[in-house]
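A.B. asks: build me a model:
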Amino acid sequence: MINALTGHLPILGFQGNINYSTYDVINTNGVAGVGNKGSIHNFSGANTYAGDIRLNATDLNLGTEPGSSLELSGKLWSSSGFPRNIGKIGLGELIISGDKDHTVPPAIANASYKNQKRNEGVTEIVEMPNRGHALVIDNGWREVADTALAFVKRFVPVGMPA
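C.D. replies: Residues are numbered from 1 along each chain as shown. Purely as a prediction, here's the structure:
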């Protein structure tokens with residue numbers, strides 16, 4: 001078990017195409033990290049982390065730098081018995097919902113938006129008319145893809161492929 005108190009340093013910081021897997025459990029006790037970049041932060045590269053994370057006293061923020069990616073897998077749970085929020089720190093997030101979605105109705109998508117808009121960076125929500133839960137594979141999927149691509153292009157650094 002790895003215990004980490006975060007005030008100024010991330011619990012985990014990744015840089016340069018790291019694939020890290022552990023049987024140890026990461027215990028979080030803070031959300032800020034380096035420069036408020038998150039308890040788990042991806043500084044550069046395409047990195048992966050496979051392991052369990054226990055949320056102790058506070059919420060968990062994850063951060064990535066522009067052009068980098070971090071893939072997480074494993075179990076995530078709260079040891080305190082109280083609900084915990086997980087937030088992303090980064091350039092942006094787009095929530096796309098269908099106004100006729102009965103699996104994840106617009107009320108749930110809007111609740112996710114309200115929760116995520118507290119994070120650093122831009123968070124937007126788009127409700128696609130006459131679309132259900134399978135909006136990315138149903139007829140009209142290209143409009144959904146174009147909406148997502150337009151959002152991404154606003155945030156991709158110059159010189160990076162879109």
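A.B. asks: count of neighbours near residue 47?
C.D. replies: 22 (other C-beta atoms under 10 Å). For glycine as for every other residue, the C-beta is placed from the backbone atoms N, C-alpha and C.
A.B. asks: one more: residue 73?
C.D. replies: Neighbours of residue 73 using other C-beta under 10 Å come to 11.
A.B. asks: leaving out sequence neighbours, find the closest residue to it.
C.D. replies: residue 50 (4.9 Å; C-beta to C-beta, 6 or more residues apart in numbering).
A.B. asks: next up, the contacts around the one you found.
C.D. replies: 20, 21, 22, 72, 73, 74 (C-beta atoms under 8 Å, 6 or more residues apart in numbering).
A.B. asks: likewise for residue 52?
C.D. replies: Residue 52 neighbours (C-beta under 8 Å, 6+ apart): 25, 26, 74, 75, 76, 77.
A.B. asks: and the longest helix for the chain?
C.D. replies: Longest helix in the chain by number of residues (criterion: DSSP state H): helix 141-153.
A.B. asks: report the buried residues of that helix.
C.D. replies: 144, 151 (16 or more other C-beta atoms under 10 Å).
A.B. asks: what's the domain layout of the protein?
C.D. replies: Split into domains by automatic domain parsing, the chain comes to 1-89, 91-162.
A.B. asks: what are the boundaries of the strands in this structure?
C.D. replies: Applying DSSP state E to the chain gives strands spanning 2-4, 12-15, 19-28, 40-44, 46-55, 60-64, 69-73, 76-78, 86-89, 92-98, 122-128.
A.B. asks: tell me the pLDDT at residue 112?
C.D. replies: Note on residue 112: pLDDT of 81.
A.B. asks: repeat that for residue 97.
C.D. replies: For residue 97, the pLDDT comes out at 91.
A.B. asks: measure the closest residue to it other than its chain neighbours to residue 126 for me?
C.D. replies: Using C-beta to C-beta, 6+ apart and skipping the chain neighbours, the partner closest in space to residue 97 is residue 109 (3.6 Å). Using C-beta to C-beta, to the nearest Å, residue 109 is found at 10 Å from residue 126.
A.B. asks: returning to what we had before: which one of the domains of the chain is the most hemmed in?
C.D. replies: Highest mean neighbour count of those: domain 1-89, a mean of 17 (counted as mean count of other C-beta atoms under 10 Å).
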